[in-house]
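K.L.:
Quick one: sequence and predicted model below, then my questions.
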Amino acid sequence: MIRLVIFLILLPFVTAAEPCETAEHKGSTYVICTADLSRHRIDLHLTGPDGSPLYTFAAMEAAGGAALFAMNAGMYHRDRAPVGLYIEDGHQSAPLVTRAGPGNFGMLPNGLLCIEGARARVIESRAYAADPPDCTHATQSGPMLVIDGDLHPRFIPDSPYTAVRNGVGATPDGERVHFVISEGPVPFHDLATLFRDRLGVRDALYLDGRVSKLHAPVMGRSDRGLPMGPIVAVRPR
């Protein structure tokens with residue numbers, strides 16, 4: 001009886017799924033980290049208590065606590081200020097950008113990740129502008145990878161333009177959020193089809209391809225390199 005009780009107490013911890021796993025798709029390897037918003041919370045981080053950019057995962061954890069995993073969370077200017085909309089703990093510090101422009105961010109349609117309590121969604125930027133939801137955290141980037149089940153119209157299969165890329169997508173019910181990073185250079189098309197065809201995501205957003213980084217202690221990984229702007233972290237509720 002005593003052994004049975006001990007087993008039942010330990011069972012949830014033994015069988016709990018790890019938040020990050022590797023997967024193969026179209027000949028490339030990816031890491032997929034999933035936040036279950038019934039058990040996890042998603043926070044955005046940009047600056048520390050002194051107002052200076054955090055730059056690194058280590059500084060992010062020193063300011064906000066240990067994370068199950070974290071990623072770079074959108075494009076930024078040289079001073080690390082976000083290029084588009086940025087909301088952290090209900091405070092908006094950068095405005096929405098809906099115009100076309102140079103680079104990946106301006107390759108419309110672009111979009112944003114919006115956290116609404118225990119739900120999350122990826123929203124196309126002009127749809128957000130027409131009816132803004134109450135996001136406690138939000139970060140804008142671009143281009144959209146998947147828009148209502150369709151791939152971005154400018155993506156080309158077998159494109160020669162490749163990079164280490166990362167993105168984010170939420171399940172249609174808003175209860176699970178998948179953060180994905182490639183282990184090597186991939187085209188936009190492959191990353192987008194992973195979200196749509198493997199993960200069942202109808203809306204997904206590109207985060208970056210030059211500074212794509214993952215912090216995943218469960219995998220013994222915390223990428224270094226160029227200093228980051230916005231960082232997204234997932235922690236237990």
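P.N.:
Nice, thanks for sending it over.
K.L.:
Could you list the low-confidence segments of this protein?
P.N.:
Residue ranges of the chain with pLDDT under 70: 1-17.
K.L.:
one more time with 50
P.N.:
Residue ranges of the chain with pLDDT under 50: 1-16.
K.L.:
how close does the residue nearest the centre of it sit to His152?
P.N.:
Among the residues of the chain, the one closest to the centroid is Val168, at 4.0 Å (C-alpha atoms, centre = their mean). Here Val168 is placed at a distance of 15 Å from His152 (C-beta to C-beta, to the nearest Å). Just so you know, the C-beta spots here come from the backbone N, C-alpha and C atoms, and that holds for glycine as well.
K.L.:
same deal with Met75?
P.N.:
Distance from Met75 to His152, by C-beta to C-beta: 16 Å.
K.L.:
do Pro230 as well
P.N.:
21 Å.
K.L.:
again, but for Gly184
P.N.:
Separation of Gly184 from His152 (C-beta to C-beta): 21 Å.
K.L.:
the more surrounded of the two?
P.N.:
Comparing Gly184 with His152 by other C-beta atoms under 10 Å, the one with more neighbours is His152, at 20 against 12.
K.L.:
The residue nearest to that one when sequence neighbours are not counted: neighbouring residues, count only.
P.N.:
Closest residue to His152 apart from its sequence neighbours, by C-beta to C-beta, 6 or more residues apart in numbering: Pro143 at 5.2 Å. Around Pro143 there are 23 other residues, counting by other C-beta under 10 Å.
K.L.:
quick one: contacts for Pro143?
P.N.:
Each residue near Pro143 by C-beta atoms under 8 Å, 6 or more residues apart in numbering is listed here: Asn104, Phe105, Met107, Leu108, Pro109, Asn110, Gly111, His152, Arg154, Phe188, Tyr206.
K.L.:
for those residues, which one is nearest Glu18?
P.N.:
Nearest to Glu18 out of the contacts of Pro143 is Tyr206 (C-beta to C-beta; 24.9 Å).
K.L.:
Would you check that my belief about the closest one contacting His189 is correct?
P.N.:
No - under the contact definition of C-beta atoms under 8 Å, Tyr206 does not touch His189, with a separation of 11.6 Å.
K.L.:
residues contacting the closest residue to Pro227 other than its chain neighbours?
P.N.:
Residue nearest to Pro227 in three dimensions, not counting chain neighbours: Tyr55, with 3.8 Å by C-beta to C-beta, 6+ apart. Going by C-beta under 8 Å, 6+ apart, Tyr55 touches Arg80, Pro227, Met228.
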